[in-house]
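Chemist: Sharing a sequence plus its predicted fold:
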Amino acid sequence: MDAYCAEVRKLEKNFQGLEIHHVLRDSNIAADVLAKLGSDRAKVPPGIFVEELTAPSIKQLGNTEKEKETTDPIEIDQAEEPDQSRQIMVIQNDWRQTYIEFVKEKKLPEDKTEATRVVQRSKNYVLVGDKLYKRAASSGVLLKCVLTDKGKEILDEIHSGCCGNHAASRTLVGKAFRTGFYWPTALKDAEELVRTSKNCQMFARQSHMSAHNLICIPLAWPFSCWGLDQVGPLKKAKGGFEYIFVAIDKFTKWIEYKPLVKYSAEKAVEFIQDIMHRFGMPNRIITDLGSPFTAREFQY
């Protein structure tokens, strides 16, 4: 590794700086699998090409006396002693900084849309010393705001740690918030964690129904097939109406409705009789098997 590091230091002189981005393990699965194939000497799957190197791809410094004589000593010193003036930055966006600046100094982003969003959401944030906290909507408890990477580590510990039970995404987020941590992308990160978890996908509920072609409802002529449904309870309107009977003709998409104060099988019979008197006897009526449509009065 020292020899490879020395080669990187030589190439570093040709650039103004370096940026190192941390790639999470879940986002680097392909490289991890390839590394395990090489270390375990496992059988290579089809579609993967292997190149065997019988010698190192770079010159190893200091192995023989000849290499010591032909190697420039100045380059070796530069490789072993990196330039202190060069800095390596690890860039990580801190979502908390925008809210801290607004709560502390009333400083807003230049983008008007972003500034409006910060003003609206900052009402739930509290600054305690230099730490940012968010007030929970239901209980009012202060949740410590953490970085996104730290939040992902918390979710991974809750999901598959020593006390993990491979719960669903919303359950993971609820446990993280109840523990006292908050970050805005918690639900999205939890869904991604569950989706990429091998154990969760293996033991998830699976449909055992055999695949078959879609069975369509044949429509021969207008007003021969109606779909009937009940909607409610809704917000009470004038006259005390809270429910609605809705009927849709499957051919023309014509809609009929009737507002109700209280639904019953007798009201459903009156509604379908009104449709029959106006549009004729239907050939078929499709319902969701609600209680007004399964009662004896409606059936006969």
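Modeler: It's in. Numbering: from 1, shown residues only.

Chemist: Please make it C-alpha for all contacts and neighbour counts, starting now.
Modeler: Fine.

Chemist: Okay, now the unreliable bits of the stretch 101-250 of the chain?
Modeler: For the stretch 101-250 of the chain, the stretches flagged by pLDDT under 70 are 203-209, 217-219.

Chemist: Check which helices and strands the biggest helix by length in the chain sits against.
Modeler: Ordering each helix of the chain by length in residues (DSSP state H) puts helix 265-279 first. When contacts are defined as 3 or more CA pairs under 8 Å, 6 or more residues apart in numbering; DSSP states H and E, helix 265-279 packs onto helix 291-294, helix 296-299.

Chemist: if we go to 6 Å?
Modeler: Applying 3 or more CA pairs under 6 Å, 6 or more residues apart in numbering; DSSP states H and E, one finds that helix 265-279 contacts no other helix or strand.

Chemist: Just give me how far that helix sits from the chain centre.
Modeler: On the basis of CA atoms, centre = their mean, to the nearest Å, helix 265-279 sits 47 Å off its chain's mean C-alpha point.

Chemist: list the buried ones in it?
Modeler: A265, K267, A268, V269, F271, I272, I275 (16 or more other CA atoms under 10 Å).

Chemist: Distance to I58 for these - can I get that in JSON lines?
Modeler: Shown next, in JSON lines, are the buried residues of helix 265-279 (distance: CA to CA, whole Å):
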{"residue": "A265", "distance to I58": "85"}
{"residue": "K267", "distance to I58": "87"}
{"residue": "A268", "distance to I58": "84"}
{"residue": "V269", "distance to I58": "87"}
{"residue": "F271", "distance to I58": "86"}
{"residue": "I272", "distance to I58": "85"}
{"residue": "I275", "distance to I58": "86"}
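
Chemist: want to throw the residues you listed into JSON lines with pLDDT and distance to K144?
Modeler: JSON lines is the format used below for the buried residues of helix 265-279 (pLDDT from 0 to 100; distance: CA to CA, whole Å):
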{"residue": "A265", "pLDDT": "86", "distance to K144": "55"}
{"residue": "K267", "pLDDT": "86", "distance to K144": "56"}
{"residue": "A268", "pLDDT": "85", "distance to K144": "55"}
{"residue": "V269", "pLDDT": "86", "distance to K144": "59"}
{"residue": "F271", "pLDDT": "88", "distance to K144": "57"}
{"residue": "I272", "pLDDT": "86", "distance to K144": "59"}
{"residue": "I275", "pLDDT": "87", "distance to K144": "60"}
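
Chemist: from the residues you listed, which is closest to S224?
Modeler: Nearest to S224 out of the buried residues of helix 265-279 is I275 (CA to CA; 11.3 Å).

Chemist: re earlier: which residues sit against the longest helix of the chain?
Modeler: The contact list for helix 265-279 (CA atoms under 6 Å, 6 or more residues apart in numbering) reads P292, F298.

Chemist: Need the CA coordinates for that helix. CSV is fine.
Modeler: Output in CSV follows, covering the C-alpha atoms of helix 265-279 (Å, rounded to 0.1, in the frame of the first residue of the first chain):
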residue,chain,number,x,y,z
ALA,A,265,-80.9,-0.7,1.7
GLU,A,266,-84.3,1.0,1.1
LYS,A,267,-82.5,4.1,-0.1
ALA,A,268,-80.3,2.0,-2.4
VAL,A,269,-83.4,0.4,-3.9
GLU,A,270,-85.0,3.8,-4.5
PHE,A,271,-81.8,5.0,-6.2
ILE,A,272,-81.5,2.1,-8.6
GLN,A,273,-85.2,2.2,-9.4
ASP,A,274,-84.9,5.8,-10.4
ILE,A,275,-82.0,4.8,-12.8
MET,A,276,-84.1,2.0,-14.2
HIS,A,277,-87.1,4.3,-14.9
ARG,A,278,-84.9,6.8,-16.8
PHE,A,279,-82.4,4.6,-18.6
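
Chemist: Next secondary structure element downstream of that helix?
Modeler: strand 284-286 (DSSP states H and E).

Chemist: Mind giving me the packing neighbours of that following strand?
Modeler: Against strand 284-286 (3+ CA pairs under 6 Å, 6+ apart) you get strand 225-231.

Chemist: Helix 265-279 and the strand it packs on, what's the angle between them?
Modeler: Counting by axes from the mean of the first three to the mean of the last three CA atoms, to 10 degrees, strand 225-231 points 140 degrees away from the direction of helix 265-279.

Chemist: Could you list the paired strands of the very next helix or strand once past strand 225-231 along with their orientation?
Modeler: Sequence-wise, the next helix or strand downstream of strand 225-231 (DSSP H and E) is strand 243-249. Note on strand 243-249: by DSSP bridges, its sheet partners are strand 225-231 (antiparallel), strand 255-260 (antiparallel).
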